[in-house]
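# give me a 3D structure for the following:
(2 chains)
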Amino acid sequence: MCTVCGCGQGETRIEGEAHEYPHVHEDGTVHSHAHSHEGEHFHVHADGTAHSHGGDYLHGRDGKYLNFGQGAARAHVPGMSQARMVQIEQDILSKNDAYAAENRRRFQERGIFAVNLVSSPGSGKTTLLVHTINALQGRFPVAVVEGDQQTSNDADRIRATGAPALQINTGKGCHLDAHMVGHALERLDPADDSLLMIENVGNLVCPAAFDLGEAHKVAILSVTEGEDKPLKYPDMFAAADVMLLNKVDLLPHLQFNVPLCIEYARRVNPNLRVILVSALSGEGMEEWLAWLEAGLTAARSRREETVAQLKQRIAVLEAELARLKG
Amino acid sequence: MHEMSLAEGVLQVIEDYAEKEGYSRVKTVWLEIGRLSGVEVEAMRFCFDAVTRGSLAEGAALEIVETEGQGWCLVCGKTVPLAARYEPCPECGDFQVQVAGGTEMRVKELEVE
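Below you'll find the predicted structure:
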């Protein structure tokens, strides 16, 4: 971006094309912004001289001085005062990530296997959840956190299965964040050694960036959507570890290219595991349930290891105490 | 994507540091945004202006330093430039490329009073 006039370049794309903006300042200086990927800055001055330079030094408009330091505003405006600079180097999402780490610690302490289900609206997330819970009845406990902008319809559908569920309404928010989920955990209080399914707001964009403390993000794509969705929304498919290709019972009625869809998804994420499922026909459900069970078993054994380590530590400390007393 | 939440995150960072660093006014904010971070820079600017209204950063200039995407090509066994997540390795053309850089979303520096 030009630091004098504030015009942006290379940020908005129309039909995939970036645009270049030559423009004229009030004083007649002509700027042509062709900031290359290396942050180079190319100028054409009113006197016709043209040059380019890296982004970390400044020059006077008359070309008579070069300043290799970092000026106050890094703007090529003479006479601007040097104000104080503060180095921050802090991730924008650091607050969310701290809450997520806290959620993750709670899950680990209690042997809870948490998955974050992400998809566009209408991919069949809630139906899949209901069928998953019903199939798992008697195998292990399941609790659900439901995220939607409005209504408690989804939590009501989950509760009808007998599983505890809590609805988070994000209002205008387009995603769940780790702070919301932390509060939900306090209210929901899922059982130790249980499976926690977090159904995110139906949105293939925003939830990708927000860690909730889950073990895995699971992206659900239905065959009634386009097979190129992983390319259109790459961030989400890159953030997920598993993709459930849902509603495969409808394939005979559609022109959906399954291998092409999987190829696109693996372009974005070479390690993505893909499971073809139909919540309604039950196809692929066993593979999905087995994946959940394996994850839960791993979470439980990690907790048992931690408990065993703590017990061992207590035994050592007690022995030490007995020795001191003796 | 969720630029409004991100802009709120930026303001939170600024407010958290205000007491520690002893400033009451922010004139310029430098952000580092990776090209593979999924952040739309123009939306970020719009949201930043909206979110900082009435705060210590009201009217602050927003400078965004964009960093290049980088990938680790499993076939070539090295780091290669990557313009988008779904792009192939520019050297061998294979799609087995894992993102290795350009996902930053950081507040780098502030000019304060």
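# biggest helix in chain A, by residue count?
helix A:285-325 (DSSP state H).
# now that helix: average pLDDT?
If you average the pLDDT over helix A:285-325, you get 93.
# same question for stretch A:142-158.
For stretch A:142-158, mean pLDDT is 93.
# is it up against chain B anywhere?
No: when contact is scored as C-beta under 8 Å from any C-beta of the partner chain, no part of stretch A:142-158 falls within range of chain B; the minimum is 13.4 Å. C-beta coordinates here come from the backbone N, C-alpha and C atoms, glycine included.
# just the buried positions in that stretch, please.
Judged by neighbour count (16 or more other C-beta atoms under 10 Å in any protein chain shown), stretch A:142-158 contains these buried residues: A:142-148, A:152, A:154-155, A:157-158.
# can you pull the pLDDT of residue A:69?
37.
# ah, wrong one, I meant residue A:23
43.
# what do you get for residue A:162?
For residue A:162, pLDDT reads 94.
# part of a helix, is it?
No: assigned with DSSP: H, G, I helix; E, B strand; the rest coil, residue A:162 falls outside any helix and is coil.
# burial of residue B:20, as a residue count?
By other C-beta atoms under 10 Å in any protein chain shown, 8 other residues sit near residue B:20.
# how about residue A:286?
Neighbour tally, residue A:286, other C-beta under 10 Å: 12.
# how near is it to residue A:125?
For residue A:286, the distance to residue A:125 equals 19 Å [C-beta to C-beta, to the nearest Å].
# same check on residue B:60?
40 Å.
# I'd like the next helix or strand past the helix or strand harbouring residue A:183.
Applying DSSP states H and E as the criterion places residue A:183 in helix A:178-188. Moving toward the C-terminus from helix A:178-188, the next helix or strand (DSSP H and E) is strand A:195-199.
# which strands border that following strand, and is each parallel or antiparallel?
Strand A:195-199 pairs in its sheet with strand A:113-119 (parallel), strand A:142-148 (parallel), by DSSP bridges.
# need the pLDDT of residue 28.
This is for chain A. Reported pLDDT for residue A:28: 47.
# wait, chain B
95.
# so it lies in a helix, does it not?
No: read with three-state DSSP, residue B:28 is strand and lies in no helix.
# domain-wise, how is chain A divided?
The record's domain parsing of chain A by automatic domain parsing lists A:1-86, A:94-305.
# tell me, what residue is most central in chain B?
residue B:33 (2.2 Å; C-alpha atoms, centre = their mean).
# which SS state does it fall under?
Quick answer, by three-state DSSP: residue B:33 is strand.
# how about residue A:271?
Look at residue A:271: counting by three-state DSSP, its state is coil.
# low pLDDT regions in chain A?
Applying pLDDT under 70 to chain A picks out residues A:1-82.
# all helices for it, in order.
Listed in chain order, the helices of chain A (DSSP H) span A:94-109, A:125-136, A:153-159, A:178-188, A:229-232, A:234-239, A:258-268, A:285-325.
# out of these, which gets nearest to residue B:52?
Across these, residue B:52 has its closest neighbour in helix A:94-109 (16.6 Å, C-beta to C-beta).
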